[in-house]
Structure formats: C-alpha cells, structure tokens
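Chemist: what follows is a protein structure lacking sequence information:
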C-alpha cells in the first residue's frame, strides 16, 4: 500500500530526473536545501543551492563534451541513467 511519503518521494525523483535530463542546474539546485552539503563525483564539498548549481553546471559542461551524452533512444534528451550510475536514481 502506497502512502503520502511514497508520492512525495516519487515526485522529487521525477523532478530531479527531468531537471537533470534538461541539464538545468538551477532547477536541480532548487531541489536541495539552502544549507545543503553536497558531495558529487568530485572531492570538493559544495554548500547550499549555489554550490549545488555550480556542481551541476560544471557536470553539464563535462557531460556535453563526452560521447556518453548521446541518448540511446534518439529523442535528443540527456538521460540521467547514463551519467555516473552510482549516484543517480535510474528512471523507470
């Protein structure tokens, strides 16, 4: 049986994946607390929404320069399940 928390978490995951697929660093940052501590794939600690936005802006630039950015389904969308699978919730 699903509860309200399931709906909330599912919505957050869907919003995160959609923002990542658009490479929208500001939308991603908006999903984190203003006092967040964020570790991505770099050794640097990012703080707050500005730090999260900086991380995802840099990651988007890196992703755009890799061959991995080509989506498998040919839609032109970036796919969150193709980028550092150990830290991204896979889409269903």
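Modeler: Looks like it arrived, so ask away. Predicted model, so just to flag it, every value in this text is computed and none were measured.
Chemist: pull the residues that contact the lowest-mean-pLDDT helix or strand in the chain.
Modeler: The helix or strand of the chain with the poorest confidence is helix 48-64; it has a mean of 87 (mean pLDDT, DSSP states H and E). Contacts to helix 48-64, defined as CB atoms under 8 Å, 6 or more residues apart in numbering, come from residues 20, 23, 25-26, 28-30, 32-36, 38, 40-42, 44-46, 69, 78, 83. Every residue, glycine included, has its C-beta placed from N, CA and C.
Chemist: the residues you listed in strands, which ones?
Modeler: Assigned to strands by DSSP state E, the following of those qualify: 38, 45, 46.
Chemist: out of those, give me the one that has the most neighbours.
Modeler: Within the ones in strands among the contacts of helix 48-64, residue 46 tops the neighbour count with 21 neighbours, counted by other CB atoms under 10 Å.
Chemist: tell me the contacts of that one?
Modeler: 36, 37, 38, 39, 40, 52, 54, 55.
Chemist: between these, which is nearest residue 5?
Modeler: residue 36 (20.1 Å; CB to CB).
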